[in-house]
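In: Need a 3D model of the sequence below.
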Amino acid sequence: MALYHGRADRTAPCHHSRALDEALREAGAREVRLTLYPGKSHTDPILEDPFSGADPLLRSLLALVRAGSLLPDTATPPTPGTLD
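Out: Numbering: from 1, shown residues only. Presented below is the predicted three-dimensional model:
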């Protein structure tokens with residue numbers, strides 16, 4: 001599971017993602033990756049970043065979408081028509 005969170009998020013502070021990361025690991029999850037992005041707010045990935053050009057958080061999110069998996073480094077794209 002990939003967790004991406006902005007450190008400047010005031011709507012849902014990043015300590016929530018830290019707590020989720022810890023809880024998942026304590027519950028036995030083995031493939032959890034938390035990435036915190038300095039200066040990123042709650043709306044950056046959907047409003048500010050698409051208009052500002054190249055950005056680390058936006059690149060990470062797009063890699064997930066393109067790979068069709070939450071772990072882009074080990075992802076195998078799904079076969080068309082098999083997404084159910």
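
In: Tell me, please, where in the protein the pLDDT is lower than the cut-off.
Out: Scanning the chain for pLDDT under 70 picks out 48-50, 53-54, 69-84.

In: can you rerun that using 90?
Out: 1-2, 4, 6, 30, 37, 39-84 (pLDDT under 90).

In: all strands for it, in order.
Out: Assignment of strands within the chain using DSSP state E yields the ranges 2-6, 33-37.

In: can you list contacts of the first one?
Out: It refers to strand 2-6. Here strand 2-6 makes contact (Cβ atoms under 8 Å, 6 or more residues apart in numbering) with 12, 14, 16-17, 20-21, 32-37, 39-42, 44, 57, 60-61, 64, 70-72. (Each C-beta comes from the backbone N, C-alpha and C, glycine too.)

In: please redo it, this time with the cut-off set to 7 Å
Out: With contact meaning Cβ atoms under 7 Å, 6 or more residues apart in numbering, strand 2-6 is reached by 14, 17, 20-21, 32-37, 40-42, 44, 57, 60-61, 64, 70-71.
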